[in-house]
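*Asks:* My questions concern the predicted model and sequence given below.
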Amino acid sequence: MLKQTLKSALLAAAGAGLLASAAAAQETMRLNGAGATFPQPIYQKWVLEYHNLHQNIEINYQGIGSGGGIRQFTDHTVDFGASDGPMTDAQIQAVNGNVYHMPTVLGAVVPTYNIPGVTAQLKFTGDVLAGIWLGQITKWNDSRLTELNPGVSLPDQDIVVAHRSDGSGTTYIWTDYLSKVSADWAQRVGKGTSVNWPVGLGGQGNPGVANIVKQTPGAIGYVELIYAIQNQIGYGLVRNKAGRYIQASLETTTNAAAGAVAHLDANTDFRISITDADGNDVYPISSFTWLLVPKEMTDMAKARALLEFVWWAVHDGEQYCKDLAYAPLPRRVVQLEEERLKSVTVDGQAVLPRNYRGR
Amino acid sequence: MTDLSATVLEPELAPRSTAEERWRALRTVSRGDVVFRALLTVLALFLPLLLLLIAVELVSQAMPAVHKFGLSFLTTSVWDPVRGEFGALPLIFGTLYSSLVALVIAVPLALACAVFLTEFAPKWLRTPVATMIELLAAVPSVIYGLWGIFVLIPLLRDHIWPVLRPVLGHVPIFSGVFYGPSVLAAGVILAVMIVPYIAAVSREVLLAVPSSQREAGLALGATRWETVWGVVLPYGRTGIIGAVILGLGRALGETMAVQMVIGNRHEVAASLLQPGYTIAAAIASEFSEAVSDMHLSALFLVGAVLFVITVIVNALARLLVWQVARGSAVGSTAI
């Protein structure tokens, strides 16, 4: 009896060993990435879905912030980085130019406000927004605001400005836009993930800013479109370059990218700002978020796995954008990225074949 | 008598063992001690070593900022990551200011609590109240932050300040428009957070005051209140100062709750109603997205400054305790 069980146990063990060796033949490939927190929900969705499709690929993405992502990418402690703001020329020099910026999805930033007694959706121009954040427009009934919003009775109330206290890609997009539309802003403040704010209260993260706005009568702040949609926060219309007042949405954000890349040549490094973009139905405060991928790698198997994942992400992966409220890339950008992915090399040899069409 | 002790000791001292043999026996016993002692020494040295490593790491990472800004880092107010200019005066000021506000509110509250619990409260009330105060210390600071945003700030802004404005509006430290997130809000939150520490330690200190001291006070005809004020508190002042410093140390380093209510503005404003910033809050806010090396280095440098402030506060506390301890021998006999 005992012998019998022992025998079957041994058999089972042998069987398990066989299975294990079969799995080992299809070796597990691990990829590590780190960076931006803004696209983290969709990156995690991608990682999960991709693992379901290809069990032998395990990707680990940590949302540690764009700054940390660029630093870890530079230190080669991760296989790919991610950032909401493009690397600067100096940072690219630090990696000897060995980086491609790969746009993955798009984000937009919207102005949100809390004026007691006002429920109408307000209209803003870049000029007025810059004036508010510079502390030059201090009352809600300032003529520059009432002119834009003729039907709305704006009260004689102080404007309380809210901004992000933490460094953030959202701030980068916001200040990049203000720098484009206001020479005064560009000169006095400039753009960056954190800046020297002329006025205002700082809140931690989108929730921090949204809370200041919600809790303070007369407050105005800026939050990510996704955050506003998911939390049903109302936001204002912003006038675009074509002179139309646009409500931010996934479509108008994607349009911004399409407008901006329409006259891009094929050799672009994708480090382009798409704020204040051309086009009719374009929301002007939008931006790419990027994956940072080395141009030249050393490990063929790893390079292949990484490129295949990025390829899948910008093609099939984009279908998850809608559910998670990210704006998908326009077709033209994906085409340009295909070329870029095919030009990545290991020891001078292209990793993906010329006729690669996805796995 | 001497005879008896001799007979008792005789069997132990008498054996043929020489002094040398006994020495050897002692040494064999202490071998285990040697190992144990070495182990403890290593473990004990590990902590100061850790402190040293933290200091070294902070300073080495801060070096680029030290070279670029020098002492002006401590005296300038511009914090501009875009242009790479950093001055930490608002952070240092905000850290000290908010902690000071917290102490001004918390110390009387906590002392009153401790005195009530040890001297005046009925017995059945003492333990439940003491336990509840200590429970305050177990509340995570992010909860205090949320409470600050949703309860304290609206309360201060919409109900308390409108009442006080006619009286306090002319005082410089209450000037300006009050939007909510402010040094005042941070100070109040910090006060609530450090009260349990100061109260709990002070209570222990007062409990340790011998009842003979109280009896002596009462016997001299002092009222209960006079006894507390003139005898019990002076007797325990060393410990009470220790308790206050413990609270201060906690207030200086508190991060999350402060960051949520102080308004996070790099600006030196004397008015309590204006937003400010603290060192710990700024590091927590900006560290993860500090893209440029100089920004990162400036954050390390300001961290080192906080480190130094904490060391200075602790050293001052030690000095104060020594000073008071020397005086209290005289002081306790004063009454």
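*Replies:* Perfect, thanks for sending it.

*Asks:* in what helix or strand does residue B:291 lie?
*Replies:* Here residue B:291 sits in a region with no helix or strand, counting by DSSP states H and E.

*Asks:* ok, the closest residue to residue A:37 other than its chain neighbours - contacts?
*Replies:* Leaving aside its sequence neighbours, residue A:37 sits nearest to residue A:63 (Cβ to Cβ, 6 or more residues apart in numbering or on different chains; 4.0 Å). Any C-beta I mention is one placed from the backbone N, CA and C, and that applies to glycine too. Counting by Cβ atoms under 8 Å, 6 or more residues apart in numbering or on different chains, residue A:63 makes contact with A:34, A:35, A:36, A:37, A:40, A:43.

*Asks:* Going by residue numbers, what spans are helices in chain A?
*Replies:* Using DSSP state H, the helices of chain A run over A:2-25, A:40-53, A:66-74, A:89-94, A:126-133, A:143-148, A:169-181, A:183-188, A:205-215, A:225-230, A:250-261, A:300-315, A:321-324, A:331-342.

*Asks:* Send me the fourth one as PDB with only the CA atoms.
*Replies:* Taking C-alpha atoms only, helix A:89-94 is exported to PDB below (Å, rounded to 0.1, in the frame of the first residue of the first chain):
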ATOM      1  CA  ASP A  89      19.400  67.700 -25.000                       C
ATOM      2  CA  ALA A  90      21.800  67.500 -22.000                       C
ATOM      3  CA  GLN A  91      20.000  64.300 -20.800                       C
ATOM      4  CA  ILE A  92      20.200  62.800 -24.200                       C
ATOM      5  CA  GLN A  93      23.900  63.600 -24.300                       C
ATOM      6  CA  ALA A  94      24.200  61.700 -21.000                       C
END
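
*Asks:* From the chain's centroid, how far away is that helix?
*Replies:* Its chain's average C-alpha position is 21 Å from that of helix A:89-94, according to Cα atoms, centre = their mean, to the nearest Å.

*Asks:* Just the buried residues of it, please?
*Replies:* Using 16 or more other Cβ atoms under 10 Å in any protein chain shown as the test for burial, helix A:89-94 gives A:91, A:92, A:94.

*Asks:* Same list (the residues you listed) but as a markdown table, adding pLDDT and distance to chain B.
*Replies:* Output for the buried residues of helix A:89-94, formatted as a markdown table (pLDDT from 0 to 100; distance: Cβ to the nearest Cβ, whole Å):
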| residue | pLDDT | distance to chain B |
| --- | --- | --- |
| A:91 | 90 | 8 |
| A:92 | 93 | 13 |
| A:94 | 91 | 10 |
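
*Asks:* which among those gets closest to residue A:200?
*Replies:* Residue A:200 lies nearest to residue A:91 out of these, by Cβ to Cβ, at 28.2 Å.

*Asks:* which ones are touching residue B:292?
*Replies:* Per Cβ under 8 Å, 6+ apart, neighbours of residue B:292: B:81, B:84.

*Asks:* Got phi/psi on it?
*Replies:* The phi/psi pair for residue B:292 (degrees, to the nearest 10) reads phi -90, psi 150.

*Asks:* cool, residue B:79 as well?
*Replies:* According to degrees, to the nearest 10, residue B:79 has phi -130, psi 90.

*Asks:* For beta bridges, what are the partners of it?
*Replies:* In this structure, residue B:79 bridges to residue B:86 when assessed by DSSP bridges.

*Asks:* Surely it and residue B:89 touch.
*Replies:* No: judged on Cβ atoms under 8 Å, residue B:79 makes no contact with residue B:89 at a distance of 9.4 Å.

*Asks:* Compare these two (neighbour count), which wins?
*Replies:* residue B:79 (25 against 18; other Cβ atoms under 10 Å in any protein chain shown).

*Asks:* Between the contacts of residue A:63, which sits nearest chain B?
*Replies:* Nearest to chain B among the contacts of residue A:63: residue A:37, at 8.2 Å, using Cβ to the nearest Cβ.
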